[in-house]
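In: I would like the atomic coordinates for the input below:
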Amino acid sequence: MSQNITSSLTPKQLQAAWFLARGVAGGVVAKRLGVRRETVSRWKKIPLFQQEVLRLGEEHRQVMALQMAGLLHSSVEVIEHTLLHAQGDKRLQTAMGIIQQIGIERFKAFMASY
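Out: Down below sits the predicted model:
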């Protein structure tokens, strides 16, 4: 289905869909592509164009979710290392920072579930 959509849209429409799927405003897209804002607005009403924006948006969200998971994993490793190997104040600051970030009520609920 994606091949059908992409072969039915012009290269500029495909570029516009890519930008829109990433949250770029229609006016900015128009300027980047050298078309009128009304042209982008008209494209947004085309069902195949809408499908392509949705498909690209979902693809982008999946990539971002994987990147965020990787960053989260790395962050947890750094925190674990700091908590295991830091001395005194640094260790306490790290622990308190974690509690502040998740919120004291959520921390209490988590501890109560143990």
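In: can you list the buried residues in the helix or strand Gln93 falls within?
Out: Element membership for Gln93 (DSSP states H and E) is helix 88-102. For helix 88-102, the neighbour count (16 or more other Cβ atoms under 10 Å) marks Thr94 as buried. Using the backbone N, CA and C atoms, a C-beta is placed for each residue, glycine as well.
In: next structured bit after that helix?
Out: Downstream of helix 88-102, the next assigned helix or strand under DSSP H and E is helix 104-112.
In: and the contacts of that following helix?
Out: Outside of helix 104-112, the residues within contact range by Cβ atoms under 8 Å, 6 or more residues apart in numbering are 99, 102.
In: CA atoms only: put that helix into CSV for me.
Out: Written as CSV, here are the backbone C-alpha positions of helix 104-112 (Å, rounded to 0.1, in the frame of the first residue of the first chain):
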residue,chain,number,x,y,z
ILE,A,104,7.5,11.7,46.5
GLU,A,105,3.9,10.3,46.3
ARG,A,106,4.8,8.0,43.4
PHE,A,107,8.0,7.0,45.3
LYS,A,108,5.9,6.2,48.5
ALA,A,109,3.4,4.1,46.4
PHE,A,110,6.3,2.2,44.8
MET,A,111,7.9,1.5,48.2
ALA,A,112,4.6,0.4,49.7
